[in-house]
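Q: For reference, the sequence and a predicted model appear below.
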Amino acid sequence: MNYALLDNKPILLLPETYNRIPFWRMAARQDQVRCPACASALRLIAGISFEPYFAHPEEADCPILQNDGADSTAWLQTLDETAATAFQAAIRKETSIDLGQAYIAGQSTQDASNSGSQAGTDNAELAFPTDQAGMSQAAPSTEDDDSVMIGSFRMPKKRTIGSNAAPSPPPPKPPIFRKRFTPKKSIQHLLEQKRDEPLHPGQQLAVDTTDGPLLILAGAGSGKTRVMTARTAYLIRECGVEPKQILVVTFTTKAADEIRQRIARQLPPHQARELIAGTFHSIFYRMLMHHQPDRWDQQRLLKKDWQKWRLLRETGALLGHDDLIALKENDMQEALGIVSRWKNEYLLPHDVAYREADSAAEKRAQALYPIYEATKRKHNWFDFDDMLLGCYEMLREDKQLLQRYQNRITHVMIDEFQDINRIQYETVKLLAAPQNNLCVIGDDDQSIYGFRGSDPQYILGFTNDFPQAKSITLEVNYRSHASIVSLGYSLIGHNRARWAKECLSFHSEEGDTYLFEPEDEEEQASRIVDEILHRREQGAILGECAVLYRTNESARPILERLSEAGIAFHYTQEEDSFYQRQTVRWTLHYLRLALNPDDTDALKEILPTLYISAEMWNVLRSQAILEDIPILHVLPQLTQLKPYQRKHLQAVTEILAAAKDCPPAQALELIYEDGKLRDYLKKRARDREDGRERWSDELQQILAAAKRHSTVSDFLAYIQQMAQKEKEWRTQRPLPEEAVHVLSIHRAKGLEYDHVFLPDLVEGALPHEYTLDELRKGVNAALEEERRLLYVAITRARHSLSIGIPRERFGRKTRASRFIAEMGR
């Protein structure tokens with residue numbers, strides 16, 4: 001049903017009032033939204049593919065539910081005449097926002113004689129939409145003056161002077177609750193192929209072409225793995241090639257296992273076992289272990305960045321390099337990431353020593369690179385990148401060993417060739433020579449790993465390296481419904497550095513493609529979760545639903561809403577817990593002090609933000625004990641501080657005393673601004689020469705989360721619950737079909753789901769802010785990779801795709817991603 005009572009005042013869900021959904025949702029969470037017939041607390045359900053509605057609890061016994069609201073209208077007698085008339089008309093669908101007008105008009109006399117309680121005013125504001133001035137949209141305007149003051153002159157509003165007068169700006173567009181997203185370009189369906197045919201002509205041609213270099217351009221969902229499996233079986237059964245002479249390289253262990261399993265269903269077991277299949281790292285490492293076992297002991301492998309950092313610290317390698325010793329963990333990881341990229345491009349320390357650094361991070365990487373490599377060699381450690389370098393150098397330097405491998409391996413097949421980097425490509429070319437029976441399979445439109453050295457130029461330039469190479473395009477998408485394929489095709493066509501391809505859809509069904517504009521990232525998460533619940537009620541499997549995000553910041557509200565709804569999910573923690581980040585910890589400790597001014601742990605944590613040294617802690621604690629007062633109240637009394645410091649600390653004490661009884665969002669604003677926490681964090685970032693605004697985004701994320709709670713104590717209890725659940729997320733392993741998948745777009749590469757949700761499709765998120773910075777410098781390559789990244793995300797979906805465009809993100813107004821206009825209308 002689309003009507004309810006909020007504090008005994010009617011509210012109605014209609015397009016004109018959908019902008020109130022976040023407020024009504026919060027009120028419903030606090031059991032303030034009630035059924036006018038049975039007084040049950042109602043939930044507000046607002047997903048994506050359906051109109052929002054108020055829902056009764058499962059055990060409710062309501063006449064509206066029993067009779068669909070048609071005849072059971074006795075509950076109307078409990079309302080005043082105006083409200084009852086409005087509800088009757090609403091049920092008959094004879095009114096829209098007039099319900100609010102009728103109620104306000106009917107209540108005006110009563111309100112005037114009722115001493116105007118503040119609570120009533122607040123509730124009315126919550127129940128009805130308001131414009132920017134805070135007045136009810138339903139209230140008629142009493143302004144009859146059609147003139148405007150310009151300086152000391154009064155000019156008519158409706159009269160223009162001269163022909164160049166600027167027209168009045170159009171009113172802001174209302175948010176899109178949900179609309180179908182129509183692709184700009186429609187693709188054709190594959191009509192001639194029968195569904196029971198194992199391979200279409202293009203796939204069959206790829207299987208039959210076995211000699212010489214071959215480039216297979218395999219679009220998203222085009223049956224790439226099927227072709228690789230069929231081609232491998234064809235080489236063995238029809239061409240007489242021994243399985244141990246075929247090298248199949250994939251980019252993930254999962255893909256290698258899938259190839260083996262499919263081969264095992266088509267070939268005798270002993271032949272399937274002899275096939276050489278695996279990732280670059282696994283195959284190259286086996287070669288190194290076989291020929292140089294002492295150098296490549298697996299116990300000496302540095303798998304994680306923290307292990308690399310610990311090696312540098314504990315060996316004293318950074319002594320004398322004060323600029324590197326002072327690096328924070330995030331800065332060190334960023335520098336090590338750049339070093340990894342250089343190694344994959346086969347750029348050694350002397351190659352990068354004198355090149356001009358593009359950023360402070362690259363400058364740090366230049367200083368760190370030779371120290372890191374020397375330390376590893378001295379202590380006999382190695383990392384994953386060293387496996388690739390080591391294998392390439394071993395084969396290049398040992399000609400006899402290389403010839404042995406070339407004689408044994410007669411056919412090489414490389415999957416996901418668009419993601420190859422220079423060191424991998426150079427090694428493959430060595431192994432494939434001189435026969436060059438090298439088959440590379442990939443899609444240049446899905447090259448998304450530039451940050452680790454992958455370059456689409458290798459697949460784009462393959463026919464230049466091998467002029468005799470044949471090219472085959474697999475153009476039929478078997479995965480996605482037609483409108484999803486068309487959206488992806490419309491988008492990726494804007495890239496210039498790509499192979500031109502035609503695209504066909506195997507499915508004639510259009511599928512569901514939606515755009516929706518929630519108020520902010522919190523409401524976006526709530527709507528996605530409501531849609532997932534709705535899909536489950538319609539028979540969907542949770543494991544076929546996926547939320548794909550560009551940056552980790554997008555995941556937090558979605559994970560929290562899923563957890564609140566009791567929905568299991570798969571999520572790989574890719575960085576520290578949000579609530580354990582320093583900025584977040586400081587903010588929450590301020591709130592804890594507001595509730596308990598004697599919380600010693602909280603005060604000790606925030607001392608740096610008050611410019612009080614750690615040495616003062618014992619003085620504070622001793623004085624609090626001597627005077628028997630809360631430790632927070634000691635701050636303004638510290639005689640060791642300068643007068644202006646004591647004045648600020650007195651202000652902080654008063655702010656926290658006031659914040660205790662404020663809504664949490666208002667309390668946070670007091671702490672940020674009047675308490676100067678924002679100023680401290682800004683200065684801290686400037687002193688560390690950290691140009692990133694992550695701290696600001698984190699403050700705004702906490703603020704957005706706080707708006708969903710009415711008291712500070714409720715909010716802190718919620719935070720504690722979420723922090724505990726975050727620990728469970730790291731260990732829980734639900735069955736794949738019983739849990740929603742929440743993962744980055746990069747991790748989703750190669751996967752597919754029935755229902756895909758893409759949050760935060762706004763400028764600065766996708767495309768990423770880094771990409772926009774590169775674009776301002778005139779560099780277009782990063783934007784093309786972001787476009788490929790979105791193309792990958794879109795083509796993960798089989799049946800439905802929902803794209804979120806929050807109107808506000810991290811407290812800032814947003815602009816829809818430029819990619820929206822490129823791919824649809």
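A: Looks like it came in fine.

Q: Need the nearest residue in space to Val529, chain neighbours excluded.
A: Arg561 (4.3 Å; CB to CB, 6 or more residues apart in numbering). (Each C-beta comes from the backbone N, C-alpha and C, glycine too.)

Q: That neighbour - how many residues pack around it?
A: Arg561: 21 surrounding residues under other CB atoms under 10 Å.

Q: Distance check, it against Asp697.
A: From Arg561 across to Asp697, the span is 19 Å (CB to CB, to the nearest Å).

Q: and if you look at Leu235?
A: Counting by CB to CB - Leu235 and Asp697 are separated by 52 Å.

Q: do the same with Trp296
A: 42 Å.

Q: higher neighbour count, these two?
A: Trp296 (21 against 17).

Q: The more buried one belongs to a helix, doesn't it?
A: No. Using DSSP: H, G, I helix; E, B strand; the rest coil, the secondary structure at Trp296 is coil, not a helix.

Q: Not including adjacent chain positions, what is the nearest residue to it?
A: Nearest non-adjacent residue to Trp296, counting by CB to CB, 6+ apart: Leu288, 4.6 Å away.

Q: Wait, a helix at that neighbour?
A: Yes. Leu288 sits within a helix when classified using three-state DSSP.

Q: next SSE after the strand or helix carrying Ala230?
A: Following DSSP states H and E, the helix or strand that holds Ala230 is helix 224-237. Counting by DSSP H and E, the next helix or strand C-terminal to helix 224-237 is strand 246-250.

Q: And Gln700, its phi and psi?
A: phi -70, psi -30 (degrees, to the nearest 10).

Q: From Arg231, how far off is it?
A: For Gln700 relative to Arg231 (CB to CB), the value is 52 Å.

Q: List the contacts of whatever helix or strand His799 lives in.
A: Using DSSP H and E, His799 maps to strand 797-804. With CB atoms under 8 Å, 6 or more residues apart in numbering as the test, strand 797-804 has contacts from 48-49, 181, 479-481, 484, 487, 511-518, 524, 527-528, 531, 535, 544, 752-761, 794, 820.

Q: quick one, what contacts the closest residue to Phe280 other than its chain neighbours?
A: Using CB to CB, 6+ apart and skipping residues adjacent in sequence, the residue nearest Phe280 is Gln424, 5.2 Å away. Contact analysis of Gln424 by CB under 8 Å, 6+ apart lists Phe280, Asn344, Leu388.

Q: The second one: neighbour count?
A: With neighbours defined by other CB under 10 Å, the count for Asn344 comes to 22.

Q: So it is in contact with Tyr425, correct?
A: No. Using CB atoms under 8 Å, Asn344 is not in contact with Tyr425; the gap is 10.2 Å.

Q: and Lys777, how many residues sit next to it?
A: Using other CB under 10 Å: Lys777 sits among 9 other residues.

Q: Ok, the one 3 residues further on next?
A: Applying other CB under 10 Å, we find 14 residues neighbouring Asn780.

Q: cool, and Arg536?
A: Counted with other CB under 10 Å, Arg536 comes out at 14.

Q: That one: helix or strand, and which one exactly?
A: Per DSSP H and E: helix 521-537 holds Arg536.

Q: Kindly report the same for Asp455.
A: In this assignment (DSSP H and E), Asp455 forms part of neither any helix nor any strand.

Q: right, and it touches Ser447 too?
A: Yes. At 7.5 Å, Asp455 counts as touching Ser447 under the criterion of CB under 8 Å.

Q: Tell me which of those two has more neighbours.
A: Neighbours were counted for Asp455 and for Ser447 using other CB under 10 Å; Ser447 has more, 27 against 20.

Q: Show me the strands in the stretch 451-600 of the chain, by range?
A: 470-474, 476-477, 504-505, 512-516, 545-549, 569-571 (DSSP state E, counting those that start in this stretch).

Q: Give me the buried positions along the first one.
A: In other words, strand 470-474. Neighbour counts over strand 470-474 (16 or more other CB atoms under 10 Å) mark Lys470, Ile472, Thr473, Leu474 as buried.

Q: Let's have the residues you listed in CSV, adding distance to Glu242.
A: Below are the buried residues of strand 470-474 laid out as CSV (distance: CB to CB, whole Å):
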residue, distance to Glu242
Lys470, 24
Ile472, 25
Thr473, 30
Leu474, 27
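
Q: just curious, which of these is nearest to Leu12?
A: Set against Leu12, the nearest of those by CB to CB is Leu474 (52.1 Å).

Q: From Ala206, how far out is that closest one?
A: Relative to Ala206, and taking CB to CB, Leu474 is found at 7 Å.

Q: anything in contact with each of the two?
A: Ile216, Val227.

Q: thinking again about what came up before, dump the residue contacts of the residue nearest to Trp296.
A: Counted by CB under 8 Å, 6+ apart, Leu288 has contacts Arg295, Trp296, Met387, Gly390, Cys391, Met394.

Q: mind pulling up the phi and psi values for the closest residue in space to Ala765 that isn't next to it in sequence?
A: The shortest distance from Ala765 to any residue other than its chain neighbours is 5.4 Å, reached at Arg550 (CB to CB, 6+ apart). When read as degrees, to the nearest 10, the backbone of Arg550 gives phi -80, psi -40.

Q: My guess is Arg550 contacts Ile745. True?
A: Yes. Using CB under 8 Å, Arg550 is in contact with Ile745, at 6.0 Å.

Q: Report the set of residues contacting both of these two.
A: Counting by CB under 8 Å, 6+ apart, the residues touching both Arg550 and Ile745 are Leu789.

Q: More neighbours: which of those two?
A: Comparing Arg550 with Ile745 by other CB under 10 Å, the one with more neighbours is Arg550, at 24 against 20.

Q: so where is this structure shaky, pLDDT-wise?
A: 67-173, 190-197, 574-576, 687-693 (pLDDT under 70).

Q: check contacts around the most centrally placed residue in it.
A: Compute the mean C-alpha point of the chain, and by CA atoms, centre = their mean the closest residue is Tyr549, 2.4 Å away. Applying CB under 8 Å, 6+ apart to Tyr549 gives the contacts Ala555, Ile558, Val742, Leu743, Ser744, Ile745, Leu758, Pro759, Asp760.

Q: can you do 10 Å?
A: 555-556, 558, 742-745, 747-748, 757-760, 765-766, 793 (CB atoms under 10 Å, 6 or more residues apart in numbering).

Q: same question, Tyr425
A: So Tyr425 contacts Tyr346, Tyr392, Ile414, Phe417, Val440, Asp455, Tyr458, Ile459, Phe462, Asp465 (CB under 10 Å, 6+ apart).

Q: filter these to the buried ones?
A: Tyr346, Tyr392, Ile414, Phe417, Val440, Asp455, Tyr458, Ile459, Phe462.

Q: Using JSON lines, please lay out those residues together with distance to Leu368.
A: Formatted as JSON lines, those follow (distance: CB to CB, whole Å):
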{"residue": "Tyr346", "distance to Leu368": "18"}
{"residue": "Tyr392", "distance to Leu368": "23"}
{"residue": "Ile414", "distance to Leu368": "32"}
{"residue": "Phe417", "distance to Leu368": "31"}
{"residue": "Val440", "distance to Leu368": "34"}
{"residue": "Asp455", "distance to Leu368": "23"}
{"residue": "Tyr458", "distance to Leu368": "27"}
{"residue": "Ile459", "distance to Leu368": "31"}
{"residue": "Phe462", "distance to Leu368": "34"}
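
Q: tell me which of those is nearest to Ala781?
A: Asp455 (9.6 Å).

Q: Might one say that the closest one is in contact with Asp419?
A: Yes. Asp455 is within contact range of Asp419, at 9.1 Å (criterion: CB atoms under 10 Å).
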